[in-house]
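Engineer: pasting the structure only:
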Ligand SMILES: Cc1ncc(C[n+]2csc(CCOP(=O)(O)OP(=O)(O)O)c2C)c(N)n1
Ligand SMILES: Cc1ncc(C[n+]2csc(CCOP(=O)(O)OP(=O)(O)O)c2C)c(N)n1
Ligand code: SF4
Ligand code: SF4
Ligand SMILES: [Mg+2]
Ligand SMILES: [Mg+2]
């Protein structure tokens, strides 16, 4: 069903660039956008089959800045929206973007059920530990003590642990990156996109306006430490023993528990049938059962049963 | 602020019994109700300070069957409703009841944020692996292969693991029981109620109408096995080594991963400040900062600042 | 002006033995508990009527307890038009004493009471009725052997009824066999023996006279027999709708269950979502992807979908929203009927978010309105509501088989490349959405559909003029639609005293009332409004022809004494003669209720 | 009938030097970028007016970009009534060329343009205006030393304006000191030096004449100066509302931020929930627990609250719902004003779910309406909507300090024991909720409040009669409320040609239009409706006194050409003379717009 035309021109950054981002100068999201362009350039997907979707938030304005089919949906409901696109259009590549509020607060339940059902799509969450667009309220990832307009004396609620949440929910690819690490972001996005299932990359992306310096602890240029997960290479070597097995749920869950700023890279990457595949299997067997009858024949048969 | 009157009559089953349950004969929920009566009788709480709340579902009709203050709210939103009661009324005992659909499907996000914020209340989830009230649709806990009206050829989505979800979300007391094990249910409810925080008991409660026999595997009388978690007694003994440390999140998470029917008892029980306490602390310090000024003085002062 | 006909046929002289043997119409009510399978017995009667070129309408109640509890199933069979399930029963079957006490009042004077003499002791002193006692339970157990207990009573009674009304046993046996086809052999046999036992019972000994239905005209097209939710689902299938998402709720669930089961055969998919917010969002994802999708619910769930439906209006993405109305507000009366969600359908969104709102008038119309709703959604790229209700959802009717070859719509995905002048939101035309996969000329901007106000290319804008223009764009397409909607025909008197205005499932009782009143010489007409937003044009000319205009609906008169449609009509036409007849008892209108009100001096 | 006054004061003879020195009223617009702190400069002017017994109204725009971008702040100061922020500016300050080009058209003929000559080159050939160029940027940097860059421009300009209008520098300095109190010493000093530098600038050399405001009458009570969202929050505090829950959204957020910050001082609590569904549910939990609670949002979030608000109507639990309206539908125009959520507030719920709907007319009224809303919610145990809007939320007004000692309401929890005859849902009276903790006599049934239809004790019921009675109970309490609402007074002509009907923030421009038209001899009056559901009784008598009734609102004319309030009035009164003036440009009405429409021959 792919509509890729042979004569398609190469997919360049220029071709992918749309409106100039309305983000504040210095916002971490710029680098996420740049990395996404790069990843698409490397993958050279058919231009018309790329779709970028989002909810509401600064980060969720992403689709306007990418020249591709896209939709700017409502706050917190982008996962089911994207699921509808993914489940009915195997030919398109579904990329979803959003923030921590959109994804973990109002959208938390949809994220979870999308992960549980393992719907094929790639979800990039720009986590800035704050509500940016609405100008500095506490977000579900705001650390305890963070002073916002809704916690003037400092946040008191235990924040969500996004990686733990995603692993428990059933996401089959879970990675974490940092908006100052462009190459790492590109790698993570590539692997997420290649993964057949519900793949999520949480990217710590600084809100320079309302939470400056939030992620310096993991930014080498601010003499922080950007510590990457070492994945098993299965070379049987001694040092490989110590490395992380990305298919080990418990191990991944443990890693996710390390204190801030924690580790970056792939926490979990496992194969599990997607809902796309399971529903398609049912559709195929149903079509066979009815001997690929035409729509008219099928409905006529139903009527005959109730005459 | 407790309005307990000294002359209060003892709290008997009779005093606690209200409308006759509209449940189907044989429904597991009857035993849950009986256990709740027993638990209240043992605790002898002031009658007028007991409040039973619920969303919508067969199990959520619970409040009608208990003679106490109560509310039958809307589908899936009972946790925030109960949170409002808990956060503003330290003098009342908040008991919340519901089903797997109400709690893990439409209500999944509220459950999670209530747990994360550790709001003081006791939540009993009657999990029957199906939508009962709406007559047999797939629920988020329905096992793969279960034939329902919405999965005529068998459910295909990976079900939620309630215990894992609760642990990850941040519930500070997480237990599991079985509607055929009255004494165990009473124990679990007592410990849940005694716990200062967001305490949840998931009870496998058979829907005889739409999923008969669902939990026989854990019902001795149906020659199943009701295997209880052995908790550490910290007696330093050798056998205690092997026992479960209910404060160990990772261990609890592992236990929760055992194949159906899994284990019963307390998976997790940890102390963490409740939102009730944290907000009260802020209120107290604020009151002190303003030297316990009267409402009038406070508002007058605000006005003086903007004259 | 003659006085209204007392709907109760008076005089005790009227006795069963005076009844004529050949009847055109009979109302049969079965009253028992929901376990007794009276629904399936009734369904057989309905199906039989459908196969006998007769009209039929059923009515049932669902107990509020979760399972079990008293329930009834009523079936009205007519040779010739059947517009309602009937105000009173000609023939009442009661299984228990409580059924007898609850429903005897519904039996017409001279009507026949058939009771299970193993459980019921009627007051035979009451000479208004004809009493036929049959030890139904005992005879059934006898016929089926102790094992089956009293299961099968319903089929035994079916046999009895077949005998009393000389029903076509061949057709009935065939229906029974079809029903249990695939099941274990013994099941069919048990059912058939119960049926024969009932049919063999010498009811003639206790009943002076048996009845014959005048045969229906079998020359016409065959009939299909189904309930309103089935009709909606089949209508969507015929309309080429292949995707949808929903969440269970009474009385909507069976629409989604049918689609979930049927769509895979068509290569489509219906997904049960985690809640209604996800359901409407996923449906919009399907539609955005180029596959017009359906979502639905009852009041509580529709309320949850409000925000996302507003996005559909703003982003101009087509969507079908089915609301099978029940008693409200809040959880309300889940199993009762009400028409109190019209305001929400028309005015429920925040901002100026016009929506198309349609309402089917009969089970048959559920099928056709689904086709029309899909056509409108596609043509105008906008959300379309279908307001059905609990009575249509649960009642069975037989109607002429739709001509599928001419009606079936394709479900093809249109991703044909667009030209260089493509705009997602052209101000000079109606939006034609370009789904992902649509190729645009090199160098052109791919569309981003959005819930923010936007310019013609979908860029967000705060421009005052653009908000003015785009608001008008979204509204005027509904005004264009209005010009395509035919002005409804007037039924009954074309002018004169009273015009009855109805919408949705009140069609039957209103039209039967008009029919009856006309035969009694009253100048009464009726218009039925299937398009509630936008309204058809030209209604003012119809109103002008009558002295009174009475809008009849099943909702509350509200703060100022006018029902929901009545208020909408008054706001548009400012015609003070528009009055309102409303009720909120959760029951369908009886013909008698309507006449008593509008004809009262 | 005289022809309308052309609002533009004609003739080029009118020059600044002809202006009188002593003015009653001035409209000052500052145009720059949002980083320039023009809001705070404007706020100082507003506060000063507040402290000088003058009336003041401000107007601002927020750029649609996330931060930065062009923005304006306008302040109108008057000795005597100020009803709107003004149709045109007497005094325009522009910081950049784009500000000049964007806003010069708003400057009144003969008005003064003050521009930063370091950035702006005006077309001085255009002789309609008086040009005053000042190197604002350079002088500010000079005054503050390079480090401060051009930060402080706003305060420098404040100084300039103080000089031009002979403003009270003592009071201004005090305000500056108060503003930065608690901050580092140096901050205050920097601000003051910028102010003095501006004030010291010899603007007299380039401006023929400086101005004096006629002094306000300082004998009255002191004034408080705040924006509409503050006024709502303070009103809730005065009303004894101590609990609430919400979720952020523009332009509602600052209400919740104020309450979140203030309530702990009062021993109360406002919780930021995970979404709007949780927010309204938690608020209902607070209310159920006996603490009347508030929730709020803008359109998208209110849509999400719909289902739970329906529960409040059904369960009869009091609740305050604040909707700070913005442009819709969907995400719409987050920072623009619109009145398009009236339909949703009145009709948005499924089922027959009547809601009380109030709308404040000014910033001051935001305070008083919060008090009234809380009183109604408590007395009638029902949800009450307050429909504010983006213009009220963001504009600053000064008004007489409310008399708190007489206004403050207690927040006490009532859990006094109830008697044996207690019923949660009495049919013969208004529900008085008994919260948890309320002791009932031994052996009596504790109440379970519910969203299912119920009997007087709260037991679920399917009884037709009870649904009829309970629906009436929930509706008739609003009818009772209506009898307590005073019929609004008519402003301007008490009878004659045209009655203008308004609601919400259109109060100012409508009344200023009436005032102006009356001085020109037109027979125009205005009524303003603060109670939108139920409507006050007696409006029909007012309408009867005028030839035309024009309802003015900021929403779309809809399918049939009538705005939302206009349609509601037409539905109730069926009075064809009710016309509609609507607009959807996302801007507040100008006096001129209104007059041009209603007076056009
Ligand atoms: C239903 C609804 N509720 C609230 C809002 C207001 N709102 C817009 S974005 C946002 C949260 C933004 O935070 P996040 O998702 O972290 O994105 P960020 O701006 O930080 O990138 C909120 C609350 C909305 N648009 N819709
Ligand atoms: C908003 C809304 N959506 C759907 C429903 C219909 N509904 C009632 S209960 C229920 C699910 C019941 O399942 P569960 O929570 O597991 O309770 P159970 O009946 O199995 O005890 C649903 C979907 C509703 N009442 N409200
Ligand atoms: S507010 Fe923060 S998140 Fe939003 S654009 Fe600015 S810097 Fe980025
Ligand atoms: S349907 Fe199932 S869950 Fe509901 S009452 Fe009956 S047995 Fe219990
Ligand atoms: Mg964020
Ligand atoms: Mg269940």
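Structural biologist: Cool, got the structure. Quick caveat: nothing in here was measured; it's all calculated off a predicted structure. Numbers count the residues shown, from 1 in each chain, chains lettered A, B, ... in the order given. Ligands and ions are numbered 1, 2, ... in the order given.
Engineer: pLDDT weak spots in the chain?
Structural biologist: Picked chain A for this. By pLDDT under 70, the low-scoring segments of chain A are A:1-7.
Engineer: actually chain C
Structural biologist: C:1-20, C:63-65, C:67, C:146-150.
Engineer: what comes up buried for the longest helix along it?
Structural biologist: In chain C, assigned by DSSP state H, the helix with the most residues is helix C:464-484. Buried residues in helix C:464-484, counted by 16 or more other C-beta atoms under 10 Å in any protein chain shown: C:464, C:466-467, C:469-475, C:477-479, C:481-482. Just so you know, the C-beta spots here come from the backbone N, C-alpha and C atoms, and that holds for glycine as well.
Engineer: try stretch C:520-529
Structural biologist: C:522, C:523, C:524, C:525, C:526, C:527, C:528, C:529.
Engineer: In strands, which of those fall?
Structural biologist: Secondary structure defined by DSSP state E assigns C:524, C:525, C:526, C:527, C:528 of those to strands.
Engineer: closest to residue B:162 among the residues you listed?
Structural biologist: residue C:528 (50.1 Å; C-beta to C-beta).
Engineer: Kindly reformat the ones in strands among the buried residues of stretch C:520-529 as a markdown table and extend each row with distance to residue D:402.
Structural biologist: As requested, these are exported to a markdown table (distance: C-beta to C-beta, whole Å):
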| residue | distance to residue D:402 |
| --- | --- |
| C:524 | 60 |
| C:525 | 59 |
| C:526 | 57 |
| C:527 | 55 |
| C:528 | 55 |
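Engineer: Is residue A:49 in contact with residue A:90, as I believe?
Structural biologist: No: using C-beta atoms under 8 Å, residue A:49 is not in contact with residue A:90; the gap is 10.3 Å.
Engineer: Need the residues touching each of these two.
Structural biologist: Shared contacts of residue A:49 and residue A:90, defined by C-beta atoms under 8 Å, 6 or more residues apart in numbering or on different chains, are absent.
Engineer: More neighbours: which of those two?
Structural biologist: Neighbour count, other C-beta atoms under 10 Å in any protein chain shown: between residue A:49 and residue A:90, residue A:49 has more, with 22 against 12.
Engineer: mind listing the strands for the stretch 101-250 of chain A?
Structural biologist: Along the stretch 101-250 of chain A, counting by DSSP state E, counting those that start in this stretch, strands occupy A:121-127, A:130-131, A:137-138, A:173-178, A:198-204.
Engineer: Among the ones you listed, single out whichever gets nearest to residue C:434.
Structural biologist: Among the strands of the stretch 101-250 of chain A, the nearest to residue C:434 by C-beta to C-beta is strand A:121-127 (20.7 Å).
Engineer: From the chain's centroid, how far away is that closest one?
Structural biologist: Put simply, strand A:121-127 sits 2 Å off its chain's centre (C-alpha atoms, centre = their mean, to the nearest Å).
Engineer: That strand packs against which elements?
Structural biologist: With contacts taken as 3 or more C-beta pairs under 8 Å, 6 or more residues apart in numbering or on different chains; DSSP states H and E, strand A:121-127 sits against helix A:29-43, helix A:78-88, strand A:93-99, helix A:100, helix A:182-194, strand A:198-204.
Engineer: As TSV, those with distance to ligand 1 and mean neighbour count would be great.
Structural biologist: Shown next, in TSV, are the helices and strands packed on strand A:121-127 (distance: least, C-beta to the nearest ligand atom, whole Å; neighbours: other C-beta atoms under 10 Å in any protein chain shown):
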stretch	distance to ligand 1	mean neighbour count
helix A:29-43	7	20
helix A:78-88	10	30
strand A:93-99	3	28
helix A:100	4	28
helix A:182-194	16	20
strand A:198-204	11	28
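Engineer: and of the ones you listed, who's closest to chain D?
Structural biologist: For chain D, the closest of the helices and strands packed on strand A:121-127 is helix A:29-43, at 10.1 Å, according to C-beta to the nearest C-beta.
Engineer: That closest one - contacts with which helices or strands?
Structural biologist: helix A:13-16, strand A:121-127, helix A:182-194.
Engineer: Many thanks, we can stop here.
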